[in-house]
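[1] Build me a model:
(one chain, ligands or ions: 1)
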Amino acid sequence: MVFRLFLLLLSQATLGLLGGAWLGWPGAVGGVVLAALLMLALDSWRAGRVLRWLGQADVTDVPVLRGLWGEAAYRALRALRAEQQKTRDSDERLREFVSAIQASPNGVILLDPDGRIEWCNDIAARHFGIDPQRDLLQHIGNLVREPAFAAYYAGKDYERPVKVIGREDKPGHPVKLSVQLHSYGGGHQLMLSIDVTALAQADAMRRDFVANVSHEIRTPLTVLAGFVETMQSLPLDARERERYLALMAAQSERMQTLVNDLLTLSRLEGSPPPGASDVVELGALMAQCEAEARGLSGLLHPPDGKPQQLRFGAPPPFQLAGAEGELRSAMSNLINNAVRYTPAGGSIDVRWEQLPDGRARMVVTDTGPGIAPEHVPRLGERFYRVDRSRSRESGGTGLGLAITKHVAQRHGGELQISSQQGRGSVFALVFPAQRVRALPPPAVAVSAA
Ligand code: ADP
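    Numbering: from 1, shown residues only. Sure thing, here's the model as predicted:
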């Protein structure tokens, strides 16, 4: 500043002296004024350049100027750059924030104070069938038209969520959402939607399960209570008492079997999968299952009628790593089902085989009634039965295949079912190759010399 003043005075003195020497005192005054005008013109030209530069979209092309205007341009550029950096940083933060909300498994919609959509993530768009671009600034009530939501929105009590049906809900593919509004900054609202279909299904399954268990226990209990009442109120002779007691024993056995199956299921669900360190000798297990099946077949189809043909293959040339008790119950469930559902004169084949990819498979084939295709995918659900009366008559609980499927899955395998109505069924347990072990070489007997 001092330098500029000095420069002005110097130029005025120089031009004043030159003008004075040339034209006398009017020349000196003219020189001083001319020097001031020249300085003003130079300043205006520089200020004009700085203003033009500031008006450009691209401010990187800073004009090269000396003195105060050069310094002013340089400082303005620095301030602009700092501002641009700040904008870039907050843009970056906003992008991160948006991608975090996009990554959320829940739907998020931001509503303005009038309930119009300001922004929504992809999940919310899917939940409610919203187009994030087209539906911007649309009122939420026009897009989510469910009466439950309309009542919730109008009620203005957002303490609890409301359950609504998702846009992708279809017959056989239910979609249930839990939606809640949360207020923020000056009347805006955050609308959160969570897919609770699995929870709702689990809840429904739990309710069905409790209802099924109660029903299964109530039936034999009612029968038992009836017999007890009869025995208490009627004078019965010894033969009748015997008959009644036998019927009561059968009902209590049915309850016991049911409770045992329920306990087995809950143990399977609550314990870690079996490790691979215990090796099960399948030959011995097959022998136990065979003895049990032949006993059951004899009971259900007395030898005076047409007996069932039971054929068991040779003991498999391999062992399985797993839990012996679980494998026994899975194998005997399949074999006993074949015996129970195959009518007299039918045949049942049981064999183990190793598949080309190394997996082991136990196959139970019967010539029973078979199962209609619509039932097959549901076998393995607890208490799902195709023929209720046949199941109960033969002592079934409706849990056998659920236990079997669980055991197979816990061993990394699967339960395969194929059936033709009227021709018979094939139930197979498949175990992964990692669980298959070669049989140890037979022990050589050492004879005393
Ligand atoms: P249950 O105790 O009723 O036999 P399961 O879970 O073992 O229960 O079997 C479920 C249903 O599958 C049975 O009720 C029966 O209708 C059907 N089922 C199972 N095995 C056979 C089979 N070998 N042949 C025909 N139907 C079968």
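
[2] Show me the shaky parts of the chain.
    Applying pLDDT under 70 to the chain flags the ranges 303, 444-449.

[3] Do a quick rundown of the strands in it.
    Secondary structure of the chain (DSSP state E): strands at 107-111, 117-120, 162-165, 176-184, 188-195, 279-280, 309-312, 318-321, 347-354, 360-366, 414-420, 424-431, 436-438.

[4] so how far is the last one off the chain centroid?
    By that I understand strand 436-438. Its chain's C-alpha centre and that of strand 436-438 lie 35 Å apart, by CA atoms, centre = their mean, to the nearest Å.

[5] near the ligand, which residues of the protein show up?
    333, 337-338, 341, 366, 368-369, 371, 379, 385-387, 391, 396-402, 425 (CB under 6 Å from any ligand atom). C-beta: built from backbone N, CA, C; applies to glycine.

[6] ok, back up a step: could you dump the strands of the chain to CSV with mean neighbour count?
    Formatted as CSV, those follow (neighbours: other CB atoms under 10 Å):
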stretch, mean neighbour count
strand 107-111, 21
strand 117-120, 19
strand 162-165, 17
strand 176-184, 17
strand 188-195, 18
strand 279-280, 17
strand 309-312, 16
strand 318-321, 20
strand 347-354, 18
strand 360-366, 22
strand 414-420, 16
strand 424-431, 21
strand 436-438, 13
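
[7] Pipe those strands into a markdown table and attach distance to Pro220 per row.
    Shown next, in a markdown table, are the strands of the chain (distance: least, CB to CB, whole Å):
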| stretch | distance to Pro220 |
| --- | --- |
| strand 107-111 | 48 |
| strand 117-120 | 55 |
| strand 162-165 | 38 |
| strand 176-184 | 36 |
| strand 188-195 | 41 |
| strand 279-280 | 34 |
| strand 309-312 | 29 |
| strand 318-321 | 36 |
| strand 347-354 | 28 |
| strand 360-366 | 28 |
| strand 414-420 | 28 |
| strand 424-431 | 27 |
| strand 436-438 | 41 |
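
[8] what's the closest of the ones you listed to Trp69?
    Nearest to Trp69, of all the strands of the chain, is strand 117-120, at 44.5 Å by CB to CB.

[9] what are the pairing partners of that closest one, and which direction each?
    Using DSSP bridges, the strands paired with strand 117-120 are strand 107-111 (antiparallel).

[10] what does the strand it pairs with rub up against?
    Contact partners of strand 107-111, identified using CB atoms under 8 Å, 6 or more residues apart in numbering, comprise 101, 117-121, 123-128, 130, 140, 177, 181, 188-194.

[11] between that strand and strand 176-184, how many degrees?
    Angle between the axes of strand 107-111 and strand 176-184 is 40 degrees (criterion: axes from the mean of the first three to the mean of the last three CA atoms, to 10 degrees).

[12] For the closest residue to the ligand within the stretch 1-150 of the chain, give me its contacts.
    Nearest residue of the stretch 1-150 of the chain to the ligand (CB to the nearest ligand atom) works out as Pro105 at 34.7 Å. Applying CB under 8 Å, 6+ apart to Pro105 gives the contacts 123, 195.
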